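Asks: Fold the following for me, if possible:
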Amino acid sequence: MDSKVILCSVMLVVFFAIMIYVGFYTRKHATDVNGFVLGGRSVGPWLTAFAFGTSYFSAVIFVGYAGQFGWNFGMAATWAGLGNAFIGSLLAWNILGRRTRVMTQHLDAKTMPDFFGKRFHSVPLKVAASVIVFIFLIPYTASLYNGLSSLFGLVFDIPYWVVIIIMAVLTGIYVIVGGYMATAINDFIQGIIMLFGICAVIGAVLVNNGGLLSATKELAKVTGDAGWQGAYTAFLGPDPLALLFVVMLTSLGTWGLPQMVGKFYAIKSEKDIHKGTIISTVFAIVVAGGCYFLGGFGRLYADKVIMNPATGTPLFDTVVPAMLATLPAIIIAVVIVLVLSASMSTLSSLVLTSSSTFTLDVIGPMSKKKMTENRQVSIMRIFILFFILVSAVIAVFKDAHPEVTFIAQMMGVSWGALAGAFLAPFLYGLYWKGVTKAATVVCFIWGCGIAIVQLIVTLGGIDVTGWGPVLGYIFKSSINSGVIAMVGGLVIVPIISLITKKQDAKEIEELFQCYEEKVEVPAKSRLKD
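Replies: Residues are numbered from 1 along each chain as shown. A predicted model of the protein is given here:
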């Protein structure tokens, strides 16, 4: 048997055994809703920071986006990784972390739709948010399997559907048994693998190309689609505006994603927020910055990348695997475990978010009788199984029927739809007493509406150049329209709030009173007046 197969098999067996052990080890924390969904709101900084980071970065980043943006922007794609670190992590923790923890605990909100429902005293708003999560999170979940086929193909001669089933089953076991705490601990382990793995891969690829200086010189000679030499080593790459939109969507977008914001609900204490901020930012610099930096050298392997015969453009999921194909067996084995770790961590976060949201925010309000804690946890476990099964079926179907483009396009617009609908009302809802329910509803419609238009344009192959320079550029890609959905929401919500009915003054004062509660801190943290 080939040494690569043996090495990868051993590492995968050990990896899977640890994941399952953690699931059963943490089952004592998953006996009630608060423990199953939020780990009892007592999760420390390391686990929370790694859970945030590993939910952020999946195989989609390492294989898909690193290949696509690295090919399009060269070394300038690293800006996307730095944006993820400083906007998507550092600023997110500083601006959202503390306030999210305080208000969601005050409201006893366990999910983002639950927050909207209790913040604006509206059950229909909570249900509407849950439906949006359900519609757009499932295709996003299915996209996590992308790229696994080409990577496993470097070592194993097994069908793609087998890889999907293995990943789905093992993720399902530890999430169903251990809930949030199992996910958090496994995320920490998987995050460690990702940190060391991405460093090892970058080092191996650069050594394979004669070192950083030689690799950069070779990349500087490439003209490619840009048409000018040195475009892919330029400071801002060949298309700075397109790069800006990528940075904004992949960085600011996390502020409105339920599975990301939900990590702040579970933070244990104030000092954990400070530690978690630093840990999460460093993690993102290494993992996201490393992934995009690595992808920037993809054009050095242009002769090995598989091209789409119809368009003449590369199949972006094959760029990174082409870079790895010539590396030593140990590096390939590390990459297999790295990408599997990234995918399983994000999958576990998404299905836990989906199941808890659907159970608490849709099934709960529809139930005639008040459900017990045990019953709610049981229903969530059933829905975890359901969401994993659906995502796996979609991924297998998409692979077997590539001509069905609807699924792929749904995946593309899901991030923008969720961030466009939720980011603005959630952010303003934490800070501003004047946000209204009507403004939140309008933002939901705006974010989803932009995504639906983008879906129609893409599926119909509609030429948007005749729509004018502005609309034509917006709907040129789901990245552009996703950014407009987010930024538009930040403008729409305050405008609509100023002209619509305000919440009851006494009600809103009581709600924001949670921020005024006095807490004692040591002198080293604050000087006496």
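Asks: Once you drop chain neighbours, what's closest to Y428?
Replies: Leaving aside its sequence neighbours, Y428 sits nearest to V435 (Cβ to Cβ, 6 or more residues apart in numbering; 4.6 Å). All C-beta atoms are positioned from the backbone trio N, CA, C, and that covers glycine.
Asks: helix/strand/coil for the one you found?
Replies: The local conformation at V435, judged by DSSP: H, G, I helix; E, B strand; the rest coil, is coil.
Asks: who's in contact with it?
Replies: Going by Cβ atoms under 8 Å, 6 or more residues apart in numbering, V435 touches 120, 425, 428-429, 493-494, 497.
Asks: can you pull out the helices in the stretch 251-400 of the chain?
Replies: Assigned helices in the stretch 251-400 of the chain, in chain order: 258-265, 270-295, 319-324, 329-358, 364-366, 373-400 (criterion: DSSP state H, counting those that start in this stretch).
Asks: If you average pLDDT over each of these, which is lowest?
Replies: Of all the helices of the stretch 251-400 of the chain, mean pLDDT reaches its minimum on helix 364-366 (a mean of 75).
Asks: Please name every helix or strand in contact with that helix.
Replies: Judged by 3 or more Cβ pairs under 8 Å, 6 or more residues apart in numbering; DSSP states H and E, helix 364-366 is in contact with helix 123-142.
Asks: Centre of the chain to the helix it packs on, how far?
Replies: 15 Å (Cα atoms, centre = their mean, to the nearest Å).
Asks: F512 and W432 touch, don't they?
Replies: No. F512 is not in contact with W432 according to Cβ atoms under 8 Å; the separation is 9.5 Å.
Asks: List the single closest residue to S354 in space, sequence neighbours excluded.
Replies: Leaving aside its sequence neighbours, S354 sits nearest to F387 (Cβ to Cβ, 6+ apart; 4.7 Å).
Asks: gap between the one you found and D463?
Replies: 36 Å (Cβ to Cβ, to the nearest Å).
Asks: Comparing these two, which residue is more hemmed in?
Replies: F387 (26 against 9; other Cβ atoms under 10 Å).
Asks: Can you show me the CA trace of the helix or strand containing V483 as PDB?
Replies: Taking DSSP states H and E as the criterion, V483 maps to helix 478-499. Taking Å, rounded to 0.1, in the frame of the first residue of the first chain, the C-alpha atoms of helix 478-499 are listed here in PDB:
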ATOM      1  CA  SER A 478     -22.900  37.700  -5.600                       C
ATOM      2  CA  ILE A 479     -19.900  39.300  -3.900                       C
ATOM      3  CA  ASN A 480     -20.800  42.700  -5.100                       C
ATOM      4  CA  SER A 481     -24.500  42.400  -4.400                       C
ATOM      5  CA  GLY A 482     -23.800  40.900  -1.000                       C
ATOM      6  CA  VAL A 483     -21.700  44.000   0.000                       C
ATOM      7  CA  ILE A 484     -24.400  46.300  -1.300                       C
ATOM      8  CA  ALA A 485     -27.000  44.400   0.800                       C
ATOM      9  CA  MET A 486     -24.900  44.900   3.900                       C
ATOM     10  CA  VAL A 487     -24.000  48.500   3.400                       C
ATOM     11  CA  GLY A 488     -27.500  49.400   2.200                       C
ATOM     12  CA  GLY A 489     -28.900  47.900   5.400                       C
ATOM     13  CA  LEU A 490     -26.700  50.100   7.500                       C
ATOM     14  CA  VAL A 491     -28.200  53.100   5.700                       C
ATOM     15  CA  ILE A 492     -31.800  51.900   5.500                       C
ATOM     16  CA  VAL A 493     -32.300  50.900   9.200                       C
ATOM     17  CA  PRO A 494     -31.600  54.400  10.700                       C
ATOM     18  CA  ILE A 495     -33.600  56.200   8.000                       C
ATOM     19  CA  ILE A 496     -36.700  53.900   8.400                       C
ATOM     20  CA  SER A 497     -36.300  54.100  12.200                       C
ATOM     21  CA  LEU A 498     -36.600  57.900  12.200                       C
ATOM     22  CA  ILE A 499     -39.900  57.900  10.400                       C
END
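Asks: need the contact list for the residue nearest the centre of the chain.
Replies: Closest to where the C-alpha atoms of the chain average out (Cα atoms, centre = their mean) is Y56, at 3.7 Å. Neighbour list for Y56: 84, 88-89, 254, 260, 284, 288, 346 [criterion: Cβ under 8 Å, 6+ apart].
Asks: Apply 10 Å and report the result again.
Replies: 84-85, 88-89, 92, 250-251, 254, 257, 259-260, 263, 280, 283-284, 287-288, 342, 345-346, 349 (Cβ atoms under 10 Å, 6 or more residues apart in numbering).
Asks: And it, how far from L257?
Replies: According to Cβ to Cβ, Y56 and L257 sit 9 Å apart.
Asks: try M194
Replies: 19 Å.
Asks: go on, F444?
Replies: Distance from F444 to L257, by Cβ to Cβ: 15 Å.
Asks: The two: which is more packed in?
Replies: More neighbours surround L257 than the other of F444 and L257, with 25 against 22 (other Cβ under 10 Å).
Asks: and the angle for the longest helix along the chain with helix 373-400?
Replies: When the chain is parsed with DSSP state H, its longest helix is helix 160-208. Angle, helix 160-208 to helix 373-400, by axes from the mean of the first three to the mean of the last three Cα atoms, to 10 degrees: 70 degrees.
Asks: after helix 160-208, next one along is what?
Replies: For helix 160-208, the succeeding helix or strand toward the C-terminus, using DSSP H and E, is helix 212-220.
Asks: packing partners for the helix or strand encompassing G447?
Replies: G447 belongs to helix 437-460 when assigned by DSSP H and E. Secondary-structure packing of helix 437-460 (3 or more Cβ pairs under 10 Å, 6 or more residues apart in numbering; DSSP states H and E): helix 112-119, helix 123-142, helix 405-431, helix 469-474, helix 478-499.
Asks: Give me the mean pLDDT for it.
Replies: On average, helix 437-460 scores 92.
Asks: which parts of that helix are buried?
Replies: Buried residues in helix 437-460, counted by 16 or more other Cβ atoms under 10 Å: 437-444, 446-448, 450-451, 453-455, 457-458.
Asks: Alpha carbons only: can I get it in PDB?
Replies: Extracted C-alpha coordinates of helix 437-460, given in PDB (Å, rounded to 0.1, in the frame of the first residue of the first chain):
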ATOM      1  CA  LYS A 437     -39.400  46.900  14.300                       C
ATOM      2  CA  ALA A 438     -40.500  48.300  11.000                       C
ATOM      3  CA  ALA A 439     -36.900  49.200  10.100                       C
ATOM      4  CA  THR A 440     -35.900  45.600  11.000                       C
ATOM      5  CA  VAL A 441     -38.600  44.200   8.700                       C
ATOM      6  CA  VAL A 442     -37.500  46.400   5.800                       C
ATOM      7  CA  CYS A 443     -33.900  45.300   6.300                       C
ATOM      8  CA  PHE A 444     -35.000  41.700   6.200                       C
ATOM      9  CA  ILE A 445     -36.800  42.300   2.900                       C
ATOM     10  CA  TRP A 446     -33.900  44.400   1.500                       C
ATOM     11  CA  GLY A 447     -31.200  41.800   2.200                       C
ATOM     12  CA  CYS A 448     -33.300  38.800   1.000                       C
ATOM     13  CA  GLY A 449     -34.600  40.800  -2.000                       C
ATOM     14  CA  ILE A 450     -31.100  41.700  -3.200                       C
ATOM     15  CA  ALA A 451     -30.100  38.000  -2.900                       C
ATOM     16  CA  ILE A 452     -33.100  36.800  -4.900                       C
ATOM     17  CA  VAL A 453     -32.500  39.300  -7.700                       C
ATOM     18  CA  GLN A 454     -28.800  38.200  -7.800                       C
ATOM     19  CA  LEU A 455     -30.000  34.500  -8.000                       C
ATOM     20  CA  ILE A 456     -32.400  35.300 -10.900                       C
ATOM     21  CA  VAL A 457     -29.700  37.200 -12.800                       C
ATOM     22  CA  THR A 458     -27.100  34.400 -12.300                       C
ATOM     23  CA  LEU A 459     -29.500  31.500 -13.100                       C
ATOM     24  CA  GLY A 460     -30.900  33.300 -16.100                       C
END
